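Asks: With the input below, show me the fold.
(chains A, B, C and D)
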There are 2 protein chains.
Amino acid sequence: MSGSQPKTLSRIQREKRSAIKQAALDVFSIYGLRGATLDKIAQAAGLTKPNILYYYASKDDIYFDLLNGLLDDWVAPLRKILKTGDPLHEILNYMRAKLAMSREKPRESKLFATEILHGAPLTQDVLSTSLKEILDEKVAIIEFWIAEGRLAPVNGYHLFFSIWSMTQHYADFDVQVKALLQGAQA
Amino acid sequence: MSGSQPKTLSRIQREKRSAIKQAALDVFSIYGLRGATLDKIAQAAGLTKPNILYYYASKDDIYFDLLNGLLDDWVAPLRKILKTGDPLHEILNYMRAKLAMSREKPRESKLFATEILHGAPLTQDVLSTSLKEILDEKVAIIEFWIAEGRLAPVNGYHLFFSIWSMTQHYADFDVQVKALLQGAQA
DNA sequence: TAAAAAGTGGTCCAAATGGTCAAAAATTTA
DNA sequence: TAAATTTTTGACCATTTGGACCACTTTTTA
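Replies: Next up is the predicted model:
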C-alpha cells in the first residue's frame, strides 16, 4: 500500500489480493464493516490473518478498496444512456441492466447499500462529486427529451431514484422478498 | 425481565426502558447491531452501562425489543387498506402514509432496513408468518379490484415491493439523495 | 546456485467490549 | 421511621479483535 510499490503487481499479488477481495465481499456483505472480522475474512480466503495484513494495511483498507471498485460497476450502466438514443429504449435498457446487476451481484449491491445506510463514511465525497456529476449529465438528457416532447414530464432525479430503489430492492431485501413470495407466483 | 415480573411496570421502569429504547434507536440506526456498543447507548441515554443491563438482559435484547415495536408501526398503514374503498384512493393513501413514515421516522426505517439487509436474523420468522399473512390478504384485495376491472392488471406482490422500495429509499439512502440533490430543485 | 526479495504464519499485545457483582443509594412499604 | 425492595454504579472480568513482530520459507534475480 505504500507509495513506493511498483505499478505492476506480481502474479501472486494479483491473485492474493483478488482472493482477499472476494472473501471480503462475502464477509462484509453479510456482516457489515464492523461485524466483519479479519479472522473471518482470512478463513474465507484460505489465508492467515497476518498474511492478509501483508497485502492490505488494515481491515478498513480492504473495505475501501472493495467499495471503490464497486462504485465503478454501479455507475457503468448509467454511462451508457445516450442522448442520441430513443428515450424509452434507453431508459428501459438502463432498468434492465440495473435489474440484472441485482440478480447477478447481490453481494455488491448489499455492500453498497450498507455503506450508504450507515452514512456513507467512506464514499460521501465520491457521491457528491463524480457520481453527482454524471447523474446531473443524465438528468439533463432526460430534460432534453422532455423539452423535445419525446418523454412525459418527470423529475429526472427522482426518476433515477425510483429506478435505483426498485431494482436494488430485490438484491438488498432478498430475504424479505423470498419470505413473502413463498408459495406465491412471482 | 424475568417471567415473575408484574405486568404493570413502575413509572421508573417505563421511563428508563423508554429512554433506553430511544437512545438505542439512535445508535443502532447509525451503527447497526454489531457496530453499536453498550457504552454508546448508555451515553446517549444518560445512564451507566450496568444500569442499562439492569433493564435489559443484553444488547441483543434491546435490539430485539426495539425491532418488535417497529414491525407493528411498519405494518400499520398496510392494515388500513380496505377492500370496500376506491382502489386508486386506497393505494395512494397507502403510498402517502409510507412516504410520511420515511420522512418522520427515518431512524426506524434504517434500523429495519439494516436488519433485513443482514439477513433478518431476528425477524425472519415474523416476516414469513404474520407479515406474509397480512400481505397475502392485501394482495388478494388488489386482485379482486383487478378482477372487477377497477384496476389495471398488475402483480400485487411486486406492486407492494415497488411502493416499499421507492418510499423507504428516501429514508434509508438519505445521504445519497441529499448528496445528489445538492443544488438541484427537488 | 547464491544472494536478495517477496511472501508466510505462529505468537504476542493492547484496546475495546459485553457482561458480572456486590455494595451503596434511593424509593417504597409497613 | 424502620424495614424491605428497587435502583444505581464503581470496580472488575473474560473474550474478542485489530494489528505488530519476527523468524522462517519460497520465489525471483544476478
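
Asks: Which parts of chain A belong to which domain?
Replies: As assigned by automatic domain parsing, chain A contains the domains A:11-59, A:62-175.

Asks: Columns mean pLDDT on top of those, output as JSON lines?
Replies: Formatted as JSON lines, those follow (pLDDT from 0 to 100):
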{"stretch": "domain A:11-59", "mean pLDDT": "93"}
{"stretch": "domain A:62-175", "mean pLDDT": "95"}
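
Asks: Dump the ones you listed into CSV; add distance to B:Lys132 as well.
Replies: Quick note: C-beta positions are derived from backbone N, CA and C, even for glycine. Below are the domains of chain A laid out as CSV (distance: least, CB to CB, whole Å):
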stretch, distance to B:Lys132
domain A:11-59, 23
domain A:62-175, 12
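
Asks: Pipe those domains into a markdown table and attach distance to DNA strand C and mean neighbour count per row.
Replies: Below are these laid out as a markdown table (distance: least, CB to the nearest atom of the strand, whole Å; neighbours: other CB atoms under 10 Å in any protein chain shown):
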| stretch | distance to DNA strand C | mean neighbour count |
| --- | --- | --- |
| domain A:11-59 | 3 | 17 |
| domain A:62-175 | 14 | 17 |
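
Asks: wait, which of those domains is closest to DNA strand D?
Replies: domain A:11-59 (3.3 Å; CB to the nearest atom of the strand).

Asks: which parts of chain A sit against DNA strand D?
Replies: Residues of chain A lying near DNA strand D by CB under 7 Å from any atom of the strand: A:10-12, A:36-39, A:49-50, A:53, A:57-60.

Asks: I figured A:Leu53 hits A:Ile41, correct?
Replies: No - proximity of A:Leu53 to A:Ile41 does not meet the contact threshold set by CB atoms under 8 Å, at 10.5 Å.

Asks: B:Leu82: which of the domains of chain A is closest?
Replies: B:Leu82 lies closest to domain A:62-175 among these, at 25.7 Å (CB to CB).

Asks: Can you get me the start-to-end distance on the closest one?
Replies: 26 Å (CA to CA, to the nearest Å).

Asks: returning to that earlier point: in helices only, show me the residues of chain A next to DNA strand D.
Replies: Residues of the residues of chain A next to DNA strand D located in helices (DSSP state H): A:11-12, A:38-39, A:49-50, A:53, A:59-60.

Asks: From those residues, list the ones also adjacent to chain B.
Replies: Filtering these for proximity to chain B (criterion: CB under 8 Å from any CB of the partner chain) leaves nothing.

Asks: Just the closest of the residues of chain A next to DNA strand D to B:Asp86, please.
Replies: Nearest member of those to B:Asp86, counting by CB to CB, is A:Ala36, at 48.9 Å.

Asks: tell me which element the closest residue to the closest one other than its chain neighbours is part of?
Replies: Spatially, and ignoring its direct neighbours in sequence, A:Ala36 is nearest to A:Val27 (4.5 Å; CB to CB, 6 or more residues apart in numbering or on different chains). Using DSSP states H and E, A:Val27 falls within helix A:11-35.

Asks: Which strands or helices does that helix pack on?
Replies: Contacts defined by 3 or more CB pairs under 8 Å, 6 or more residues apart in numbering or on different chains; DSSP states H and E place helix A:11-35 against helix A:38-45, helix A:49-55, helix A:59-79, helix A:106-117, helix B:11-35.
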